[in-house]
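In: below: sequence and its predicted model.
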Amino acid sequence: MRAIAIAALVLGMTAPLTARAQSADGTDRECLSLAAPRVLMERLRPETGLLPAGWRVMAVAAGDREARVDLVDAAGSPVALRVAAPRARPATSWSVVASPRSPQADDLARDLAKDLVGTAARGLAVACNDPSGHGAAGASSPVAAGGLGYAPRWVALGGSLVVIGLVAVAFLTAVMGLRKRRALPGRAP
Amino acid sequence: MRGMDRRAPLSAPALVAIGVAALWLFRRAGGADVELWADTAMDEGLVRACLDRGQCPAGGMGSSVPPFLIGMTWSHLRATLEWLGLGLPGVQALFQVCEALMVVLVAATADRVAGRMAAIVAPALAVTLLLHADYHLAVVYNSRTLPFLGAVVAGLAVVASEGARVPALLAAGVAGVMTNLHPVCGLLLPSVVAVAAIRAQGRWPRTLAVATVFGVVTFLASPASWVRSLLGAVAGGVHPVAAIGEGVTIIEWAAGAATAGAALAAAMPARPGFDRRAALAVAALLVPQVATVLAARALGIAAGGKYLLDLLPAIALGLAVAIAVAARPAGRLLDGTPAGRVVPYLLAAGLAAWPVAPAEGDGIGRMRVREAEALVASLPPTLAADEAALALRLRGPEAADVLDWVHVRSPAIRATGPEAPGFQAIAIRVAADRVPDRLPDGWRVAARDARSAVVLGLVPTRLGSRPPEACGADGQTCTPVAVRVPAGPEGAVTVDGLPRRGEAAGTVTLRWRLDDAPEGTRTVVHLPSGPRACEGRIASTPPYTTLSRDGRDALLVAGEPGVRDEAIVLRYEIGSAGCPAGAWSGLPPFLVEAPPGDAAFASALLGETLGVPR
């Protein structure tokens, strides 16, 4: 029992150490990958005027420094925009490439690249530097949480299994200790 | 044997009977369905991000004491339980088992500390406190873990007070885990250290080991959160949020009394049936956190019974021990006697028959996750798939919570309702027996069980095709708000231009522009009231409008073609009696806006009467 408890503690302590927060060059990668889809979704809404009439955004996905926007044009044909995020902030040089190319798609790519330098860069800065942790989603902001980086899935699941094991051992230890029939010395009548 | 205590502990069958009865009690009180809360949806988003994308947040959420963040343990635990196949109903059942085990542990611990009378009183007190605390038995959230873990720590502390090392170290480890579930549990550090110091032999090495285990588990279970929290605290200080404004709760009163009672009991001379060191351990658990919470209350900063949930078992123990010590002559009738072997089963019978208070409102509480999913499945597919449109065109007292759930679960919910372009969806949850046998055209029951039903109406709208405008203090300078939909499952749909949920904001003025309608078209606008509504007032109306005296109802009649600037202006005072801060969802508040017949039906479902003629 004691050995199990000690092993559980050691495992529980070491598991989350692999959580990562920043890339080697200091760019807050996870923050960028979290914030970029939000910014792109916002800027490609019909109200901004960037999106040609009849075009729709189907999905936005973002990696560490590159985002991909899947759209359909007015005729229903798919168009993809590859958005290369700048390596550091403040952002000054966004690259947006449309595929397949067409005059409308190229115009959209050019306009979006220009737009991202100004508006979106401010959006990224706000999203990535939420000092209170009470940002976009109110009192419980996952953006702020994500800004601290991510733990890989195996770390989260493994660490939680260790926690569950620790609690189970603790519960059994408590029950067995409380129910142990023993003579308690030093109790004066 | 003189000076020895050889009472038999509570038998295993008695503990099982207490546990089963407590499980039945908590199942009746909490039910099988999980309530839909914004926090539940947000947790679900984190679970999906973790399991589907492998992105499990390394830091937790903001706490009531910025810059301290809650650790990541809760979101990872939820993801793990989901990975193990326990969906929300499974987690709900697991929590109910834990709550029952909490009662069992409290009984066993109280029996050990002060005998059979305490073993009967303490579980009853624990149940009473839990049912009256700011603790939600139908919600899956981090605080649901605390009473059970608190009971484990209390049991271990009592065992450790005999001088055992492993229970003391395990108590420190569990307290460290709890600190990452809620930072207030960090106040258990002095408690577990004090418990380890109760026995003089080997005191210093043991206390050092306990403090080290606590610190290491606490930090390494969520390093990113703690680094950010501690650096933030050093750089900018600690800024607890303002007081919650509620009176002193029964939990706080009980905590104060339990602390005093346990301390006084621990000062009593030892005698058979009463373990003085164990009583000291209970007092040690209580003192630091209770003193801190009560001091915070006195200083007018964040306080309340919800910051004592982890101590509920210890509070029940402290009170029961004090009662057992004070009523010792009566207690002797139960210790080591046939009556003492029977009373645990009487306790179990009492727990099984424990009356459970009805839920809030008209007895149906909040919308359940199951109901929200059934509602979304009944929507037109194009509306259900467009969260920005849903933020404006799904209307009901709990529309914001439904939208949160749609955002994290939409791929898993298949909407199959009839398409109705240009229509809004009005969703109102009522007690099942309030649904009329015949519904108006366009209305149907989207979800129903024996207790409640969600009634859905697909109704024409003149306000749902474009976002409202948020106006400045003059009511003239207005800017369209924008619905912001996060790309991933994390986060919630928000509206730029409106205060966020939970943000103190004062007055909000919204101008809705009306869509054109054939001349003479009649539209009723009704601003609902109610415990979860942000009740507004109609500040300005277009021509040809009948306005009710209280400014909550208007009958609009479309004018002649060519009038393009028709608008209605609504004003909300966030933080007022009609719109408490907790009722502000961050989305445009719920209003009934429909042709007169539909508006009257919706208002009747809400239990309200229109203030304008139909």
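Out: Okay, I see it.

In: any idea which helix or strand of chain A has the worst average confidence?
Out: helix A:142-146 (a mean of 36; mean pLDDT, DSSP states H and E).

In: same for whatever helix or strand comes next after that helix, what does it pack against?
Out: Where DSSP states H and E defines the elements, the next helix or strand beyond helix A:142-146 is strand A:150-151. On a contact count with 3 or more C-beta pairs under 8 Å, 6 or more residues apart in numbering or on different chains; DSSP states H and E, strand A:150-151 meets strand B:56-57. (Glycine included, C-beta is placed from N, CA and C.)

In: residue B:280 against residue B:270, yeah?
Out: No. Assessed by C-beta atoms under 8 Å, residue B:280 is found out of contact with residue B:270, at 10.6 Å.

In: of those two, give the one with the bigger neighbour count.
Out: Taking neighbours as other C-beta atoms under 10 Å in any protein chain shown, residue B:280 and residue B:270 compare with residue B:280 leading, 22 against 18.

In: show the pLDDT at the closest residue to the more buried one other than its chain neighbours.
Out: With C-beta to C-beta, 6 or more residues apart in numbering or on different chains as the criterion, residue B:280 has its nearest non-adjacent residue at 4.1 Å, and that residue is residue B:266. Model confidence at residue B:266, given as pLDDT, is 88.

In: got it, and residue A:141?
Out: With respect to pLDDT, residue A:141 has a value of 33.

In: what is the helix or strand harbouring residue B:216 packed up against?
Out: Assessed by DSSP H and E, residue B:216 sits inside helix B:203-220. Counting contacts by 3+ C-beta pairs under 8 Å, 6+ apart, helix B:203-220 is packed against helix A:2-14, helix B:165-181, helix B:188-196.

In: worst mean pLDDT among those?
Out: Between the helices and strands packed on helix B:203-220, the lowest average pLDDT goes to helix A:2-14, which shows a mean of 42.

In: report the buried residues of the helix or strand hosting residue A:169.
Out: Here residue A:169 sits within helix A:153-179, counting by DSSP H and E. For helix A:153-179, a neighbour-count test (16 or more other C-beta atoms under 10 Å in any protein chain shown) marks A:153, A:155-167, A:169-171, A:173-175, A:177-179 as buried.

In: swap in stretch B:251-259?
Out: Going by 16+ other C-beta under 10 Å, stretch B:251-259 has these buried residues: B:251, B:252, B:254, B:255, B:256, B:258, B:259.

In: run the chain-centre distance for that stretch.
Out: Relative to the chain's own centre, stretch B:251-259 is displaced by 22 Å; criterion: C-alpha atoms, centre = their mean, to the nearest Å.

In: just the C-alphas of that stretch, formatted as CSV.
Out: Provided in CSV are the C-alpha atoms of stretch B:251-259 (Å, rounded to 0.1, in the frame of the first residue of the first chain):
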residue,chain,number,x,y,z
ILE,B,251,-22.5,27.1,6.2
GLU,B,252,-20.5,30.0,7.6
TRP,B,253,-22.5,30.0,10.9
ALA,B,254,-22.0,26.2,11.1
ALA,B,255,-18.3,26.5,10.3
GLY,B,256,-17.7,29.0,13.1
ALA,B,257,-19.7,26.9,15.6
ALA,B,258,-17.9,23.7,14.5
THR,B,259,-14.5,25.3,14.8
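
In: please enumerate the helices of the stretch 501-614 of chain B.
Out: With helices called from DSSP state H, counting those that start in this stretch, the stretch 501-614 of chain B shows them at B:596-605.

In: point me to the residue of it nearest chain A.
Out: Distances between the stretch 501-614 of chain B and chain A by C-beta to the nearest C-beta are smallest at residue B:501, namely 4.1 Å.

In: that residue reaches residue B:584, doesn't it?
Out: Yes. Here residue B:501 reaches residue B:584: they are 6.4 Å apart, a contact under C-beta under 8 Å.

In: give me the more crowded residue out of those two.
Out: When neighbours are counted by other C-beta under 10 Å, residue B:501 and residue B:584 differ, and residue B:584 comes out ahead with 24 against 21.

In: I'd say the more buried one and residue B:574 touch.
Out: Yes. Shown here, residue B:584 and residue B:574 form a contact pair, counting by C-beta under 8 Å, at 5.0 Å.

In: pretty sure residue B:313 contacts residue B:157?
Out: No. Judged on C-beta under 8 Å, residue B:313 makes no contact with residue B:157 at a distance of 10.4 Å.

In: of those two, which one has the most company?
Out: The residue with more neighbours, out of residue B:313 and residue B:157, is residue B:313; 33 against 30, by other C-beta under 10 Å.

In: now that one, nearest residue through space, not along the chain?
Out: residue B:151 (3.9 Å).

In: so which strand or helix has that neighbour?
Out: If you go by DSSP H and E, residue B:151 is part of helix B:146-160.

In: one more: residue B:447?
Out: Secondary structure assignment for residue B:447, by DSSP H and E: strand B:443-448.

In: now the helix holding residue A:169: mean pLDDT?
Out: 94.

In: other SSEs contacting that helix?
Out: helix A:2-14, helix B:38-53, strand B:56-57, helix B:73-83, helix B:88-114, helix B:146-160, helix B:165-181.

In: mind running it again at 6 Å?
Out: Here helix A:153-179 touches helix A:2-14, helix B:73-83, helix B:88-114, helix B:146-160, helix B:165-181, going by 3 or more C-beta pairs under 6 Å, 6 or more residues apart in numbering or on different chains; DSSP states H and E.

In: anything in the third one near chain A?
Out: Think helix B:88-114. Yes. Judged by C-beta under 6 Å from any C-beta of the partner chain, helix B:88-114 and chain A are in contact via B:108, B:109, B:112.

In: residues in contact with the last one?
Out: In other words, residue B:112. A:178, B:158 (C-beta atoms under 6 Å, 6 or more residues apart in numbering or on different chains).

In: how about 8 Å then?
Out: A:178, B:9, B:158, B:159, B:275, B:278 (C-beta atoms under 8 Å, 6 or more residues apart in numbering or on different chains).

In: the fourth one reaches residue A:175, doesn't it?
Out: The reference is to residue B:159. No. Assessed by C-beta under 8 Å, residue B:159 is found out of contact with residue A:175, at 9.5 Å.

In: nearest residue to residue A:69 in space, please, no chain neighbours.
Out: Per C-beta to C-beta, 6+ apart, closest to residue A:69 is residue A:81, 4.2 Å.

In: same check, this time on residue B:327
Out: Spatially, and ignoring its direct neighbours in sequence, residue B:327 is nearest to residue B:117 (6.6 Å; C-beta to C-beta, 6+ apart).

In: element containing that neighbour?
Out: Using DSSP H and E, residue B:117 maps to helix B:116-132.

In: can you give me the buried ones in that helix?
Out: Going by neighbour count (16+ other C-beta under 10 Å), the buried part of helix B:116-132 is B:116-127, B:129-131.

In: any idea how far it is from the chain center?
Out: Averaging C-alpha positions (C-alpha atoms, centre = their mean) puts helix B:116-132 22 Å from its chain's average.

In: could you give the average pLDDT over it?
Out: Helix B:116-132 shows a mean pLDDT of 94.

In: export that helix as PDB, just CAs?
Out: Provided in PDB are the C-alpha atoms of helix B:116-132 (Å, rounded to 0.1, in the frame of the first residue of the first chain):
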ATOM      1  CA  ARG B 116     -21.700   6.200  18.100                       C
ATOM      2  CA  MET B 117     -23.700   9.300  18.900                       C
ATOM      3  CA  ALA B 118     -21.300  11.400  16.800                       C
ATOM      4  CA  ALA B 119     -21.500   8.700  14.100                       C
ATOM      5  CA  ILE B 120     -25.200   9.300  13.800                       C
ATOM      6  CA  VAL B 121     -25.200  13.100  14.200                       C
ATOM      7  CA  ALA B 122     -22.300  13.900  11.800                       C
ATOM      8  CA  PRO B 123     -23.700  12.200   8.600                       C
ATOM      9  CA  ALA B 124     -27.100  13.900   9.200                       C
ATOM     10  CA  LEU B 125     -25.400  17.200   9.600                       C
ATOM     11  CA  ALA B 126     -23.200  16.600   6.600                       C
ATOM     12  CA  VAL B 127     -26.300  15.900   4.400                       C
ATOM     13  CA  THR B 128     -28.100  18.900   5.800                       C
ATOM     14  CA  LEU B 129     -25.200  21.200   5.100                       C
ATOM     15  CA  LEU B 130     -24.600  19.900   1.700                       C
ATOM     16  CA  LEU B 131     -28.300  20.300   0.700                       C
ATOM     17  CA  HIS B 132     -28.300  23.900   2.000                       C
END
